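> model the following, please.
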Amino acid sequence: MSRDQRFVEASPHDVFDVLSDGWLYPSWVVGASRIRDVELTWPAVGARIHHSFGVWPLVVDDTTSVLVWHPPHRAVLRARGWPLGEAQVTLTVNDRTGGCLVVMEEEAVTGPGALVPDAVLDPALGVRNRETLRRLAWLAEGRLRDRVSPS
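Here you go, the predicted model:
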């Protein structure tokens, strides 16, 4: 299982504001290239984002669904990316002075990806997930700045 973390200069609520907007998914998830649909019930448990990953014209259509949604501290998502398989992604957000700490854990749970040893898979996931957390932080911090700066 890959585990990465990042300090975000925004509140857990700001982070969950980004997570709750399914249309922002490809803005922070590395590899997601477009959104085809966000179910109206997103981010309720069971709701799905219909996304694509890859670079055109080699894109694969699939979904990400919500398994657990406890804002502003924990979300668990099931990201499908067939033919590679499926991953369970847990985001835990904890208050810290001056912001919050976001921890992202990702584990391949089905498909060919689940057969790859952690020692091989985790370094690659770590590179991708550190960039994912950086993008998530920029969006949350930008929303905070937009809300508090004078017009």
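> could you pull out the helices in the protein for me?
In the chain, the helices defined using DSSP state H lie at 12-19, 25-28, 118-148.
> find the nearest non-adjacent residue to the spatially most central residue of the chain, please.
When CA atoms, centre = their mean is applied to the chain, the residue found nearest the centroid is V29 (5.4 Å). With CB to CB, 6 or more residues apart in numbering as the criterion, V29 has its nearest non-adjacent residue at 5.8 Å, and that residue is T132. Placement of C-beta: from N, CA and C, glycine included.
> and the residue nearest to the centre of the chain, its phi and psi?
In terms of degrees, to the nearest 10, the main-chain angles of V29 are phi -90, psi 110.
> use 300 as the first number for this chain going forward.
All right, first residue 300 from here; so that's V328.
> thinking it is in contact with L432, fair?
No: the criterion here is CB atoms under 8 Å, and V328 misses it with L432 at 10.5 Å.
> on that earlier part again, what residues does the residue nearest to the centre of the chain make contact with?
H350, T431, R434 (CB atoms under 8 Å, 6 or more residues apart in numbering).
> of those residues, which is the most crowded?
Most neighbours among these, by other CB atoms under 10 Å: H350, with 26 neighbours.
> number of residues surrounding the closest residue to P370 other than its chain neighbours?
Ranked by CB to CB, 6+ apart and with sequence neighbours excluded, the top spatial neighbour of P370 is F315, at 4.2 Å. For F315, the tally of surrounding residues (other CB under 10 Å) stands at 22.
> hang on, the earlier thing: so what's the residue nearest to V328 scoring on pLDDT?
T431 is assigned a pLDDT of 98 by the prediction.
> measure it to G384 for me?
T431 sits 18 Å away from G384, going by CB to CB, to the nearest Å.
> for F306, same thing?
Applying CB to CB to F306 and G384 gives a distance of 31 Å.
> more neighbours: which of those two?
More crowded of F306 and G384, by other CB under 10 Å: G384, with 17 against 12.
> hmm, P311 is touching C399, no?
Yes: counting by CB under 8 Å, P311 sits close enough to C399 to count as a contact (4.8 Å).
> what is the burial count for P382?
P382 has 9 nearby residues by other CB under 10 Å.
> list the residues that contact the residue nearest to V328.
W327, V328, V329, M403.
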